[in-house]
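Chemist: Give the three-dimensional model of this entry:
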Amino acid sequence: MNWFFLALAFMIGMANTLQSGVNAQLRVALGNPLMAAITSFSFGLFVLLVAFPFFNQNPIPTLATFREVSLWKFAGGFLGAFYVVTVIFIVKDIGPANLICLVIAGQMLAAMVIDHYGLQGFAVHPISFARICGGLLLIAGVYLILKN
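Modeler: This is a model prediction of the structure:
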């Protein structure tokens with residue numbers, strides 16, 4: 001099994017978790033959830049532009065508002081593309097069960113760090129003994145599944 005692909009699958013999980021927080025911060029910065037989604041996902045632009053006039057109930061941010069947004073808050077589109085493209089490339093080589101296990105493990109690690117420090121505007125949920133035990137059990141489960 002290719003360790004590079006396994007590491008990428010783990011990173012997919014972390015990226016997916018980070019994507020949620022980045023997109024949440026972009027929404028806060030722009031003050032408009034649909035416009036934040038349009039900015040983040042260029043491949044979904046057509047669908048979002050069609051839906052926008054029917055579902056938007058928020059004020060449209062000005063160009064000045066966009067200029068004031070920190071660049072990292074636009075990273076959600078990149079992280080989403082990283083997830084989709086990497087999955088397409090590696091799932092055949094490592095298999096869907098291995099892929100999903102590593103994605104979940106990466107998501108849990110990133111989520112626990114984000115929770116512990118309250119990153120990206122989330123509430124602080126400190127790492128506890130129970131959370132550490134849960135993380136170790138998850139790692140043990142990933143190991144057993146990857147062992148085949």
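
Chemist: Could I get the average pLDDT for whichever helix or strand residue 91 is part of?
Modeler: Using DSSP states H and E, residue 91 sits in helix 76-94. Helix 76-94 carries an average pLDDT of 77.

Chemist: That helix: what's the following helix or strand?
Modeler: helix 96-117.

Chemist: what residues does that following helix touch?
Modeler: 1, 6, 9-18, 21, 87, 90-91, 94, 119-120, 122-127, 131, 134-135, 138-139, 141-142, 145-146 (Cβ atoms under 8 Å, 6 or more residues apart in numbering). The C-beta positions use only the backbone N, C-alpha and C, and glycine is treated the same way.

Chemist: Give me the buried positions along that helix.
Modeler: Under the neighbour-count criterion of 16 or more other Cβ atoms under 10 Å, helix 96-117 has 98-112, 114-115 buried.

Chemist: Can you show me the CA trace of it as CSV?
Modeler: What follows is helix 96-117 as a C-alpha-only set of coordinates in CSV (Å, rounded to 0.1, in the frame of the first residue of the first chain):
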residue,chain,number,x,y,z
PRO,A,96,-13.0,3.2,0.1
ALA,A,97,-12.9,1.7,3.6
ASN,A,98,-9.3,2.8,4.1
LEU,A,99,-10.0,6.2,2.6
ILE,A,100,-13.0,6.8,4.9
CYS,A,101,-11.2,5.6,8.0
LEU,A,102,-8.3,8.0,7.4
VAL,A,103,-10.6,10.8,6.4
ILE,A,104,-12.5,10.4,9.7
ALA,A,105,-9.3,10.1,11.7
GLY,A,106,-8.0,13.3,10.2
GLN,A,107,-11.3,15.1,10.8
MET,A,108,-11.3,14.1,14.4
LEU,A,109,-7.7,15.2,15.0
ALA,A,110,-8.4,18.6,13.3
ALA,A,111,-11.8,18.9,15.1
MET,A,112,-10.2,18.2,18.5
VAL,A,113,-7.5,20.8,18.0
ILE,A,114,-10.0,23.4,16.7
ASP,A,115,-12.3,22.6,19.7
HIS,A,116,-9.4,22.8,22.2
TYR,A,117,-8.3,26.2,21.1
